[in-house]
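K.L.:
When you get a sec, could you give me coordinates for this:
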Amino acid sequence: MRRIPGGCSVRDPTMARAAGARRCARAGRHPPSAVGVGESISEGSGERWPGRALRSLFVPPPGTFPSLDALRTAAIVLVIGNHLAVGGAELAPSPVWGFTLFRYGWTGVDLFFVLSGFLIGRQLQRELQRRDAVNVPRFLLRRGLRIWPLYFAWVAFLALALGKWRGIWPDVTFLSNYFQGQVSGGWSLSTEEQFYLIVPLLLLGVQRLFGPKGQAWMPLVLLALLPVVRAVSAAATGERGLAWMYGPIHTHSDGLLVGLFLAWASVKRPATLSADHPHPWRLPLVAIAAGFVLRAIDQTLFSFTGLALIYGALVALGLRAGPRVRQLTAWRGFHVLSRLSYGMYLNHFEVLPRVLPRLTRELVPLVGSGWVLAAIAYLAAIVLSALVAAVTFVLIEEPFLALREKWDARHRPVRAVPSLRRVS
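P.N.:
Next comes the predicted model:
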């Protein structure tokens, strides 16, 4: 007995059952799509808001990568730690704020870039493999429904509630990686939005000109060219250092390109990132070593390339993770913080200045300005930022994710259903 999507039998002996099969066939026209980290299945259970939102926040949907949830959690923890240390060093000077975790917390953004490049690239590569094309408007609308609601709500909050409306146009136009805006940390979101615009067209162009093999070489060639671009930019401007090239996408997109290459490998060569790979550690360790060597050679030219290789290797190791690692990274807390990481990235710039001064004022007389203060402040910053992000996720993000799923279901291509025939 054959079955159609949804588990309904095609061969039914009565017209009543045939009608039931037709109803099931209609339901089966819109099967659930594969879901990546940070995506949501909101309609499957038929739950209403806010129960649906809470389920989306606490229950990992099918198709996620638990190890990538853990890495996304690490990325937001690194970023918050770096900005906490900057404020903590001013309010309660201490050598503890120079700890490596705090000092290099800014690199968490590069980990975010690798993860974004992988997840977005994977979606596009799968569509290319399936259709030999990419529906660019559909892709952009799906990304927009994920990013824009919370982002523009935050921009409106800064402008209207906090009075930061002067000079906010770079944030509204996603150009804050080239012009100073009012959204702290908004430069990286502008870089990702520009990436969303460029990469589907780039993949389509490479597919037409060079075929599927070009998809593997394109991100690697661009990755090799980025240090050259930085060298030319440094020579043209007379500037040396990371600060001036930190924002622009043409000087800081190495992580996105490494993620794009890993996406190609996961779709076209899945065995290379499988947990069954015979040598899961070999190439990632080489990439990590190469990353540190490049950073040691020239910080200005190769820092971002080195970070992309290091974090790309960690993503590869996460995808190749064995049962024990998968069990550890399946902790529900990683999923929750991964879901909240976008909101936490936006809000922690406003949460920290309001929390840290009071914390240091109350705690320094009790515990001093050393490790105890740093640990309490770090934990408090993460928890408070996560609580604010949970509210904005339930009120803003998830309703638009649910809307996206409904829209996607209506516009998903209809699958052919075997014809029904009456059996007497």
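K.L.:
any idea how far Gln180 is from Lys164?
P.N.:
12 Å (Cβ to Cβ, to the nearest Å). Placement of C-beta: from N, CA and C, glycine included.
K.L.:
higher neighbour count, these two?
P.N.:
Taking other Cβ atoms under 10 Å, Gln180 and Lys164 do not tie; Lys164 has more neighbours (17 against 11).
K.L.:
What pLDDT is listed against that one?
P.N.:
As predicted, Lys164 sits at a pLDDT of 94.
K.L.:
Wait, it touches Ala156, no?
P.N.:
No - contact criterion Cβ atoms under 8 Å: Lys164 and Ala156 do not qualify, at 10.6 Å.
K.L.:
Break the protein into its domains for me.
P.N.:
51-103+331-413, 106-324 (automatic domain parsing).
K.L.:
How far off centre is the helix or strand hosting Leu84?
P.N.:
According to DSSP states H and E, Leu84 maps onto helix 66-91. Averaging C-alpha positions (Cα atoms, centre = their mean, to the nearest Å) puts helix 66-91 15 Å from its chain's average.
K.L.:
Give the next helix or strand downstream of that helix.
P.N.:
Assigned by DSSP H and E, the successor of helix 66-91 is helix 100-103.
K.L.:
what packs against that following helix?
P.N.:
helix 66-91 (3 or more Cβ pairs under 8 Å, 6 or more residues apart in numbering; DSSP states H and E).
K.L.:
Strands of the stretch 251-400 of the chain, start to end?
P.N.:
Counting by DSSP state E, counting those that start in this stretch, one finds no strands in the stretch 251-400 of the chain.
K.L.:
Same check on the stretch 1-150 of the chain?
P.N.:
Going by DSSP E, counting those that start in this stretch, the stretch 1-150 of the chain shows strands at 3-4, 8-9.
K.L.:
how near is Leu242 to Leu128?
P.N.:
Leu242 is 34 Å from Leu128, by Cβ to Cβ.
K.L.:
more neighbours, those two?
P.N.:
For Leu242 and Leu128, the more surrounded residue by other Cβ under 10 Å is Leu128, and the numbers stand at 21 against 14.
K.L.:
Need phi/psi at Tyr246.
P.N.:
When quoted as degrees, to the nearest 10, the phi and psi of Tyr246 stand at phi -70, psi -40.
K.L.:
Contact partners for the nearest residue to it once chain neighbours are set aside?
P.N.:
Counting by Cβ to Cβ, 6 or more residues apart in numbering, His252 is the residue found nearest to Tyr246 once chain neighbours are left out, at 5.9 Å. The contact partners of His252, by Cβ atoms under 8 Å, 6 or more residues apart in numbering, come to Thr191, Met245, Tyr246, Phe304.
K.L.:
Name the member of these with the most neighbours.
P.N.:
Phe304 (27 neighbours).
K.L.:
Just the pLDDT for it.
P.N.:
97.
K.L.:
From Leu223, how far off is it?
P.N.:
10 Å.
K.L.:
which residues do these two both contact?
P.N.:
With Cβ under 8 Å, 6+ apart as the test, Phe304 and Leu223 both reach Asp254.
K.L.:
thinking again about what came up before, what's the residue nearest to Tyr246 sitting at in phi/psi?
P.N.:
Here is the backbone geometry of His252 (degrees, to the nearest 10): phi -140, psi 70.
K.L.:
Would you mind giving me the confidence score for it?
P.N.:
96.
K.L.:
go on, Ala21?
P.N.:
So Ala21 comes in at 42 (pLDDT).
K.L.:
what's the answer for Thr14, then?
P.N.:
Looking at Thr14, the pLDDT reads 35.
K.L.:
How about Pro61?
P.N.:
Looking at Pro61, the pLDDT reads 84.
K.L.:
Any idea how many residues pack against it?
P.N.:
Neighbours of Pro61 under the rule other Cβ under 10 Å: 18.
K.L.:
And it, how far from Leu401?
P.N.:
Using Cβ to Cβ, one gets 11 Å for the distance from Pro61 to Leu401.
K.L.:
Ramachandran coordinates for the residue nearest to Pro323 when sequence neighbours are not counted?
P.N.:
Nearest residue to Pro323, sequence neighbours excluded (Cβ to Cβ, 6+ apart): Ala275, at 7.8 Å. Note on Ala275: backbone dihedrals following degrees, to the nearest 10 are phi -70, psi -20.
K.L.:
which stretches of the protein aren't confidently modelled?
P.N.:
Residues of the chain meeting the criterion pLDDT under 70: 1-46, 240, 413-424.
K.L.:
if you take the average position of it, which residue is closest to it?
P.N.:
Residue closest to the average C-alpha location in the chain (Cα atoms, centre = their mean): Ser116, at 4.1 Å.
K.L.:
quick one: contacts for it?
P.N.:
Applying Cβ under 8 Å, 6+ apart, the residues near Ser116 are Glu192, Phe195, Gly255, Leu256, Gly259.
K.L.:
Would you format those as a markdown table with distance to Leu140 included?
P.N.:
Shown next, in a markdown table, are these (distance: Cβ to Cβ, whole Å):
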| residue | distance to Leu140 |
| --- | --- |
| Glu192 | 13 |
| Phe195 | 12 |
| Gly255 | 21 |
| Leu256 | 16 |
| Gly259 | 19 |
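K.L.:
Pull out the buried members of the residues you listed.
P.N.:
Taking 16 or more other Cβ atoms under 10 Å as the criterion, what is buried in these is Glu192, Phe195, Gly255, Leu256, Gly259.
K.L.:
Test my guess that the last one contacts Phe118.
P.N.:
Yes - Gly259 sits in contact with Phe118 when judged by Cβ under 8 Å, with a separation of 3.8 Å.
K.L.:
so what's in contact with these two at the same time?
P.N.:
Val315.
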